[in-house]
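Asks: next input, structure requested:
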Amino acid sequence: MQQVFGILQAGHVADALARARRLVAEARGAPDAYQLLGMCHAEAGHAEDAEAAFLHALELAADHPLVLVNYAAMLRKTGRLEHAIATLRRAVSNAPDFAKGWSELGAAAFAAGLHVDAVAALQRAVALQPGSAAGWMTLGNVARAGGSLDTAERAYARVIAIEPGHAAAALGLGTTLRMSGRTDEAVACFEDAARRGDNSPELADSLVGALLDDGRLDDAIQLARQVVREHPGFVPGLVTLANLLWEHRAAQAPADDAFDVMRGAIKLRPNQPELRLAFSQLLLSARMPGEALEQIRTVRAHADQPALVLMEANALEMLDNTGHAGALYLNLNRSGAGELPGFLNAYARHLLRAGEWHGAAQAAIEATRLNPRDQEAWAYLGTAWRLLDDPREQWLCDYERLVALVDIEPPPGFADQATFLDALGATLDGMHKAKRAPMQQSLRGGSQTPGRLFGRRDPVLMAAHGALLRGVEEWLATLPSDGEHPFLMQKTRSVRVGGSWSVKLWSSGNHVNHIHPEGWMSSAFYVSLPPAVLSPSAGASQAGHIQFGQPPVELGLALPPRRVMRPGAGKLALFPSYMWHGTVPFEDQQPRTTVAFDMTPVVDET
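Replies: Residues are numbered from 1 along each chain as shown. Okay, the predicted model is just below:
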């Protein structure tokens with residue numbers, strides 16, 4: 001058995017399978033032999049034979065925890081996550097001290113999007129094996145991905161305590177600190193890892209981001225240039241430098257061009273497809289589909305795959321070549337891509353643009369079935385229902401009940417709202433250093449603060465965070481519960497704040513209509529508003545207002561907003577993250593300053 005297992009681990013699947021079959025013939029009463037046969041069949045892609053072997057092993061040794069864990073691994077590999085999780089729960093129920101069972105349960109729960117269950121299972125695993133650096137590392141990664149940043153921080157620190165030179169843990173810890181808004185600590189963490197000998201481009205690139213978040217723009221750009229110079233084939237470093245130059249190039253030498261960084265790298269490495277694809281993504285984000293299409297087709301000519309076809313279809317849509325894009329989408333759908341939510345969302349977007357509203361609704365419904373928390377899918381479905389005069393649009397969006405403008409009380413320590421807003425505005429002014437909006441955001445004609453806003457150790461930001469959270473919780477308490485509604489079914493007493501940032505819109509600036517795919521509920525808190533918004537003229541009565549329910553202009557649907565809401569200083573707009581929203585442009589010398597943040601429900605983790 002050990003010989004067969006070694007052969008299997010070495011990748012010689014056919015040989016291992018033949019030997020496992022002989023082993024089973026010689027030891028028909030041995031459950032481990034059938035388990036090994038199941039593992040070999042699973043590696044060979046023989047799902048039915050693998051399942052039969054595992055079930056026979058369980059007949060011989062009912063509820064054997066290791067057999068159950070390996071059986072669950074096969075189930076995960078064949079996409080049967082629910083069955084895998086149930087099998088792993090059975091394993092740990094029968095063997096509560098089996099660390100591997102808890103670890104595998106955590107991984108499966110995470111794959112299914114059950115972050116709270118995943119963290120709980122992994123915490124049990126490390127409690128049983130407190131000296132396992134790998135176990136703590138997995139807990140850190142899963143907790144960070146699920147937004148449990150305190151748990152992630154403790155886990156990475158434990159890895160470093162076990163293995164002081166653990167580079168991945170240092171990177172994970174610094175990234176977690178950065179996500180928490182503790183930018184100075186993130187910088188110190190990355191710099192300490194570098195002093196300990198981590199010269200990887202990944203660490204240096206992360207340090208660039210932390211320096212930018214910490215307000216050290218010149219240091220960030222200098223280090224970004226160094227990363228590109230010393231690691232010219234490191235694609236994320238090139239992307240980082242291009243984005244920095246895009247947002248801040250007005251402060252740089254006139255010769256600097258964000259895209260020349262990528263073009264120059266491609267000339268040196270024309271056969272690096274990852275580089276061309278990264279450049280294509282940047283070009284699409286900057287709404288330059290023509291050049292993006294050239295890069296995508298160059299890669300497709302040498303090594304085609306469905307993701308590249310999807311990128312080409314997206315570029316063609318942006319070039320108004322809907323017919324050619326439609327043929328690509330249709331071929332992808334026939335080839336089996338219809339089982340992927342990302343493809344279904346893109347397909348629904350295309351079908352809306354092409355006027356095939358019933359098809360768009362079907363694609364979006366399938367995406368929500370595969371992932372009930374897919375904000376993009378719900379946005380497209382709501383739009384399709386609206387076009388079809390389906391009353392479920394009102395059920396889903398309910399613009400009067402699910403959109404609110406909440407008054408925020410000044411936090412303790414501030415005499416009144418004006419004093420609080422003045423202090424917050426002054427703090428934010430010092431953070432707005434960009435000369436141009438980020439490429440991949442909805443912002444047009446304005447600047448956005450880098451990194452996470454909340455979590456920083458600034459007393460004004462900490463006070464604002466608390467005041468806004470209280471306002472959110474008060475509004476949540478007024479909402480009904482509804483087990484069928486994708487927004488209301490997740491209603492809890494409080495929320496966890498994810499991404500948070502500030503936007504300063506300049507004259508003629510606005511947010512194009514968009515959604516927030518990473519949130520459950522989203523927001524906009526109005527810090528300061530220019531006179532053109534506070535007292536709009538008769539010809540621009542909605543200047544600077546926030547609007548809901550109007551799809552992006554590139555869908556070509558010409559639908560008006562369902563609700564337009566006048567902002568007010570010191571007020572917080574709240575709405576589901578899947579709801580289309582944007583702002584009306586305004587003309588004024590004074591900017592329009594807001595704080596925005598996405599939220600997910602706080603689930604009781606006890």
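
Asks: list the buried ones in the longest helix anywhere in the chain?
Replies: Assignment by DSSP state H gives helix 459-476 as the longest helix of the chain. By neighbour count on 16 or more other Cβ atoms under 10 Å, the buried set for helix 459-476 is V460, L461, A463, A464, H465, A467, L468, L469, G471, V472, L476. The C-beta positions use only the backbone N, C-alpha and C, and glycine is treated the same way.

Asks: what kind of secondary structure is N510 in?
Replies: Of the three states, N510 takes strand according to DSSP: H, G, I helix; E, B strand; the rest coil.

Asks: OK, contacts around it?
Replies: R444, G445, G582, T583, V584, P585, F586 (Cβ atoms under 8 Å, 6 or more residues apart in numbering).

Asks: switch the cut-off to 6 Å
Replies: The contact partners of N510, by Cβ atoms under 6 Å, 6 or more residues apart in numbering, come to R444, T583, P585.

Asks: before we move on, what about W501?
Replies: Q448, T449, L453, A596.

Asks: turn these into TSV, columns for neighbour count and pLDDT.
Replies: TSV is the format used below for the contacts of W501 (neighbours: other Cβ atoms under 10 Å; pLDDT from 0 to 100):
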residue	neighbour count	pLDDT
Q448	21	94
T449	20	94
L453	25	93
A596	19	97
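
Asks: against G556, how distant is G355?
Replies: Note on G355: its distance to G556, by Cβ to Cβ, to the nearest Å, is 9 Å.

Asks: quick revisit: Throw the contacts of W501 into CSV and include secondary structure, thanks.
Replies: Putting the contacts of W501 into CSV (three-state DSSP) gives the following:
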residue, secondary structure
Q448, strand
T449, coil
L453, coil
A596, strand
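
Asks: and the residue most central in space within the chain, what's its pLDDT?
Replies: In the chain, the centroid-proximal residue (Cα atoms, centre = their mean) is E518; its distance is 5.3 Å. pLDDT for E518: 90.

Asks: which of the three states applies to it?
Replies: coil.

Asks: contacting residues around it?
Replies: Going by Cβ under 6 Å, 6+ apart, E518 touches D598.

Asks: gap between it and P551?
Replies: Distance of E518 to P551, computed by Cβ to Cβ: 20 Å.

Asks: what's the straight distance from one end of stretch 561-572 to the other?
Replies: The first residue of stretch 561-572 is 20 Å away from its last residue (Cα to Cα, to the nearest Å).

Asks: average pLDDT for it?
Replies: For stretch 561-572, the mean per-residue pLDDT is 96.

Asks: cool, stretch 363-371 as well?
Replies: Rounded mean pLDDT across stretch 363-371 is 93.

Asks: in the stretch 151-300 of the chain, what spans have low per-residue confidence?
Replies: By pLDDT under 70, the weakly predicted segments of the stretch 151-300 of the chain are 250-256.

Asks: my guess is L505 meets R592, correct?
Replies: Yes: with contact defined as Cβ atoms under 6 Å, L505 reaches R592; the gap is 4.3 Å.

Asks: overlap in contacts of these two?
Replies: Counting by Cβ under 6 Å, 6+ apart, no residue touches both L505 and R592.

Asks: helix or strand: which one has L479?
Replies: Of the helices and strands defined by DSSP states H and E, none includes L479.

Asks: for it, which residues are in contact?
Replies: L479 touches K491, counting by Cβ under 6 Å, 6+ apart.

Asks: can you rerun that using 7 Å?
Replies: Counting by Cβ atoms under 7 Å, 6 or more residues apart in numbering, L479 touches L488, K491.

Asks: same question for T492.
Replies: T492 makes contacts with P601, V602, V603, as judged by Cβ under 7 Å, 6+ apart.

Asks: which ones among those map onto strands?
Replies: P601 (DSSP state E).

Asks: list just the nearest of the contacts of T492 to G45.
Replies: Taking Cβ to Cβ as the measure, G45 lies nearest V603 of the contacts of T492, at 36.7 Å.

Asks: how close does the closest one get to T492?
Replies: Separation of V603 from T492 (Cβ to Cβ): 7 Å.

Asks: just P130 next, same as before
Replies: According to Cβ to Cβ, P130 and T492 sit 32 Å apart.

Asks: check E59 too.
Replies: The gap separating E59 from T492 is 43 Å, by Cβ to Cβ.

Asks: now swap in V69 and tell me
Replies: To T492, V69 is 33 Å away according to Cβ to Cβ.

Asks: equivalent analysis for A242, please.
Replies: According to Cβ to Cβ, A242 and T492 sit 40 Å apart.

Asks: cool, and R178?
Replies: Distance of R178 to T492, computed by Cβ to Cβ: 26 Å.

Asks: isn't D117 up against F110?
Replies: No: D117 lies out of contact with F110 (Cβ atoms under 7 Å); the separation is 8.5 Å.

Asks: what number of residues lie near the nearest residue to D598 once chain neighbours are set aside?
Replies: Here the nearest residue to D598 in space, its sequence neighbours aside, is G519; by Cβ to Cβ, 6 or more residues apart in numbering that works out to 3.2 Å. Neighbour count of G519, defined by other Cβ atoms under 10 Å: 20.

Asks: got the contact list for G519?
Replies: Q375, G498, S577, D598, M599, T600.

Asks: so the first one sits against M579, correct?
Replies: Pointing back at Q375 there. No: using Cβ under 7 Å as the test, Q375 is too far from M579 to be in contact (9.0 Å).

Asks: what residues do those two have in common as contacts?
Replies: I515.

Asks: residue boundaries of the helices in the stretch 301-450 of the chain?
Replies: Shown for the stretch 301-450 of the chain, the helices assigned by DSSP state H, counting those that start in this stretch span residues 306-318, 322-334, 341-353, 357-370, 375-387, 392-397, 417-429.

Asks: stretch 489-504: how far from the chain's middle?
Replies: How far stretch 489-504 lies from its chain's middle: 14 Å, per Cα atoms, centre = their mean, to the nearest Å.

Asks: buried sites along that stretch?
Replies: For stretch 489-504, the neighbour count (16+ other Cβ under 10 Å) marks Q490, K491, V495, R496, V497, G498, G499, S500, W501, S502, V503, K504 as buried.

Asks: repeat for stretch 159-168
Replies: By 16+ other Cβ under 10 Å, the buried positions in stretch 159-168 come out as V159, I160, I162, H166, A167, A168.

Asks: now stretch 583-602
Replies: By neighbour count with 16+ other Cβ under 10 Å, stretch 583-602 contains the buried residues 583-586, 588, 591-600.

Asks: restricted to strands, list these.
Replies: Counted as lying in strands by DSSP E, out of the buried residues of stretch 583-602, are T583, R592, T593, T594, V595, A596, F597, D598, M599, T600.

Asks: no further questions, thank you.
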